[in-house]
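**Student:** Just need the structure, nothing else, for what follows:
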Amino acid sequence: MPKIISANLNGIRSAHKKGFFNWMHAQTADFICVQELKAQLPDMT
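**Tutor:** Down below sits the predicted model:
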């Protein structure tokens, strides 16, 4: 059975400051879905 993680980030910068991406890389999920990124183009590069 696939493992799916869904996370409401409430902003990509806030998620980064709180360590979300370090946590995400440690997971063994098949799918990771994120909502409410609220990212501007400079935040995505």
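
**Student:** Around A15, how many other residues sit close by?
**Tutor:** 21 (other CB atoms under 10 Å). For the C-beta atoms, the positions are set from N, CA and C on the backbone; glycine is no exception.

**Student:** And for the helix or strand hosting it, what's in contact with it?
**Tutor:** Using DSSP states H and E, the secondary-structure element containing A15 is helix 12-17. Residues outside helix 12-17 that contact it (CB atoms under 8 Å, 6 or more residues apart in numbering): A7, L9, F21, L37, K38, A39, D43, M44.

**Student:** mind listing the helices for the chain?
**Tutor:** 12-17, 20-25 (DSSP state H).

**Student:** Dump the last one to PDB, keeping only the CA atoms.
**Tutor:** C-alpha atoms of helix 20-25 as PDB (Å, rounded to 0.1, in the frame of the first residue of the first chain):
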ATOM      1  CA  PHE A  20       9.900  20.900   6.900                       C
ATOM      2  CA  PHE A  21      12.200  20.100   4.100                       C
ATOM      3  CA  ASN A  22      14.700  18.200   6.400                       C
ATOM      4  CA  TRP A  23      11.800  16.300   7.800                       C
ATOM      5  CA  MET A  24      10.400  15.600   4.300                       C
ATOM      6  CA  HIS A  25      13.700  14.100   3.100                       C
END
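
**Student:** Counting by contacts, list what that helix packs against.
**Tutor:** strand 4-8 (3 or more CB pairs under 8 Å, 6 or more residues apart in numbering; DSSP states H and E).

**Student:** follow-up on the earlier one: columns distance to C33 on top of the helices of the chain, output as CSV?
**Tutor:** CSV is the format used below for the helices of the chain (distance: least, CB to CB, whole Å):
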stretch, distance to C33
helix 12-17, 13
helix 20-25, 11
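
**Student:** Thank you, goodbye.
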